[in-house]
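> Pasting the sequence and the predicted coordinates here, then a few questions.
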Amino acid sequence: MKSFRLTKDAVNHLAKEYTTPLLVISLEQVTYNYQFLAKYLPKVKVFYAVKANPNQRIVQKLADLGSHFDVASDGEMLQLTQMGISADRMVYANPFKTPKGLAVAKNTGVNKFTFDSESEIYKMAKNVPGGMVLLRVRVDNPKALVDLNKKFGAAPEDAIKLLKIARDQGLDVGGLCFHVGSQSPTAEAHIEALNICRKLYDEAEQEGFNLRILDIGGGLPIPTLETEVDVLTITQEIGEKLDELFPTTEIWAEPGRYLCGTAVNLITSVIGTQHRNNQEWYFLDDGVYGSFSGIIFDHWDFELDPFKDGEKKPVTFAGPSCDSLDVLFKDKMSVDLEIGDVLLVPNCGAYTSASATEFNGFAKTPMIVWEDVKNLTEK
């Protein structure tokens with residue numbers, strides 16, 4: 001799978017020009033990822049999950065490419081609205097919506113929603129009467145990096161009952177949706193979910209429903225330290241199953257990590273060293289309260305490339321804050337490092353800067369776009 005990765009020379013030039021830490025976005029990689037989905041899942045209408053990375057340049061590029069958007073809050077709806085992205089390109093895909101979120105949806109014209117509980121039906125019927133709704137169905141997938149179905153999704157056996165209540169409340173029951181979990185390694189969970197949904201669509205038809213939309217969520221993986229991923233095979237298998245089971249249904253998807261994860265690199269520097277507890281410690285200028293927040297919130301194991309050769313040994317990496325929680329990795333294999341050494345962290349576009357904070361007074365890591373500056377690195 002193609003990923004954006006800066007060269008050693010580019011990393012050193014950017015570190016000198018902009019200082020570190022620094023996040024570098026490749027809009028060409030975002031384009032490649034979107035066009036890959038358009039080619040291999042041509043039936044699917046893409047709704048980018050803004051929560052993965054709400055950077056305005058990424059969102060604008062996807063909007064220019066024709067993407068729709070999965071929004072989860074009033075803030076995301078307002079951001080896109082202020083950018084000139086129309087409400088009909090958004091789905092409010094949070095099964096539990098806040099009062100402010102529903103008010104903003106009504107005011108901006110967002111009229112597509114997901115839900116997975118009876119209580120949410122009454123909220124939507126009151127605040128966005130006549131809204132088009134998709135029932136989120138639970139599909140367990142313990143192989144996913146983050147199994148979202150532990151928190152979201154109605155049991156399949158409750159689906160028809162919930163659809164009937166939504167219809168009785170005057171909502172436009174459009175169909176079903178599911179999410180197999182983040183970083184799902186194969187198409188197996190998608191195939192199982194599609195089989196479950198086909199059965200529910202047939203049952204719904206017997207109850208007088210005309211379900212016309214199926215949202216297959218996200219979950220497409222990106223490469224990890226341990227494994228390459230075969231996204232081509234995954235998309236082909238999903239596409240074949242969609243053709244078999246849902247040949248005339250409108251299909252949506254909500255990829256987040258797949259579109260932005262491989263499009264961002266972090267450049268970070270060693271700011272301190274120490275020998276403690278019989279191990280070398282290297283302190284970096286970015287940490288778990290910043291761009292490495294994905295370690296906590298996303299269970300992600302980041303690659304750290306110092307562009308140095310040598311024997312590797314177990315070391316500890318820590319962040320810059322005055323909090324003992326700010327330890328990135330223990331027993332991570334690394335060559336010897338020194339203060340001032342610069343490290344490249346690829347594939348860090350998803351659930352990193354999006355969940356970063358300014359704890360301890362450290363500013364969020366600045367972002368630049370590679371295509372804006374790459375010519376300068378070649379001089």
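Now that the structure is in, tell me what you want to look at.

> contacting residues for the residue lying closest to residue 171 once chain neighbours are set aside?
The shortest distance from residue 171 to any non-neighbouring residue, by C-beta to C-beta, 6 or more residues apart in numbering, is to residue 133 (4.9 Å). (Each C-beta comes from the backbone N, C-alpha and C, glycine too.) By C-beta atoms under 8 Å, 6 or more residues apart in numbering, residue 133 lies in contact with 112, 113, 114, 115, 121, 124, 166, 171, 172, 173, 174.

> the longest strand in this protein is where?
Longest strand in the chain by number of residues, with DSSP state E as the criterion: strand 264-276.

> Show me the contact partners of that strand.
By C-beta under 8 Å, 6+ apart, strand 264-276 touches 4-6, 11, 14-15, 20-26, 53, 280-286, 291, 320, 337-349, 352-353, 365, 367.

> Filter those residues down to the buried ones, ChimeraX style.
Selecting only the buried entries of the contacts of strand 264-276 in ChimeraX, with 16 or more other C-beta atoms under 10 Å as the criterion:
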select :4,5,6,11,14,15,20,21,22,23,24,25,26,53,280,281,282,283,284,285,286,291,320,337,341,342,343,344,345,346,347,348,349,352,353,365,367
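
> Restricted to strands, list the contacts of strand 264-276.
Those of those lying in strands (DSSP E): 22-25, 280-284, 342-345, 367.

> Report the separation between the closest residue to residue 27 other than its chain neighbours and residue 188.
Spatial nearest neighbour of residue 27, chain neighbours left out: residue 61 (4.8 Å); criterion: C-beta to C-beta, 6+ apart. Separation of residue 61 from residue 188 (C-beta to C-beta, to the nearest Å): 31 Å.

> The two: which is more packed in?
Using other C-beta atoms under 10 Å, the more surrounded residue of residue 61 and residue 188 is residue 61, with 23 against 14.

> The more buried one: which element?
Assigning secondary structure by DSSP states H and E places residue 61 in helix 56-65.

> The helix or strand following that helix: how far from the chain's middle?
Where DSSP H and E defines the elements, the next helix or strand beyond helix 56-65 is strand 68-71. From the chain centre to the centre of strand 68-71 is a distance of 11 Å (C-alpha atoms, centre = their mean, to the nearest Å).

> tell me what the helix or strand just after strand 68-71 is packed against?
Downstream of strand 68-71, the next assigned helix or strand under DSSP H and E is helix 74-82. The contact analysis (3 or more C-beta pairs under 8 Å, 6 or more residues apart in numbering; DSSP states H and E) places helix 74-82 against helix 56-65, strand 68-71, strand 90-92, helix 99-108.

> Distance from helix 74-82 to the middle of the chain?
In terms of C-alpha atoms, centre = their mean, the centre of helix 74-82 is set 17 Å apart from its chain centre.

> I would like the residues contacting that helix, please.
Contacting residues not belonging to helix 74-82 are listed as 50-51, 54, 56, 59, 69, 71, 87, 89-90, 92, 98, 100-101, 103-105, 108, 110 [C-beta under 8 Å, 6+ apart].

> All the helices of the chain, in order from the start?
Using DSSP state H, the helices found in the chain span residues 8-18, 27-40, 56-65, 74-82, 99-108, 118-127, 159-168, 188-206, 231-245, 257-260, 294-297, 370-377.

> if you compare the ones you listed, which one is most tucked away?
Comparing those by mean neighbour count (mean count of other C-beta atoms under 10 Å), helix 257-260 ranks first with a mean of 29.

> ok, back up a step: dump the helices of the chain to a markdown table, plus mean pLDDT and distance to residue 138.
Converted to a markdown table, the helices of the chain look like this (pLDDT from 0 to 100; distance: least, C-beta to C-beta, whole Å):
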| stretch | mean pLDDT | distance to residue 138 |
| --- | --- | --- |
| helix 8-18 | 96 | 43 |
| helix 27-40 | 97 | 25 |
| helix 56-65 | 98 | 28 |
| helix 74-82 | 98 | 24 |
| helix 99-108 | 98 | 22 |
| helix 118-127 | 97 | 15 |
| helix 159-168 | 98 | 10 |
| helix 188-206 | 95 | 9 |
| helix 231-245 | 96 | 19 |
| helix 257-260 | 96 | 21 |
| helix 294-297 | 89 | 22 |
| helix 370-377 | 89 | 40 |
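
> so which of the ones you listed gets nearest residue 140?
Set against residue 140 and scored by C-beta to C-beta, the helices of the chain come closest in helix 188-206, at 8.4 Å.

> Tell me which residues are up against that closest one.
Contacts of helix 188-206 (C-beta under 8 Å, 6+ apart): 137, 139, 141, 143-144, 156, 159-160, 163, 175-176, 178, 180-181, 184, 211, 214, 216, 219, 234, 237-238, 241-242, 245-246, 249.

> before we move on, back to that, I'd like the helices and strands packed on helix 74-82 as TSV, with distance to residue 259 appended.
Below are these laid out as TSV (distance: least, C-beta to C-beta, whole Å):
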stretch	distance to residue 259
helix 56-65	7
strand 68-71	11
strand 90-92	16
helix 99-108	23
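
> do you know which of those lies nearest residue 83?
Closest approach to residue 83 among the helices and strands packed on helix 74-82 is made by helix 56-65 (6.5 Å; C-beta to C-beta).
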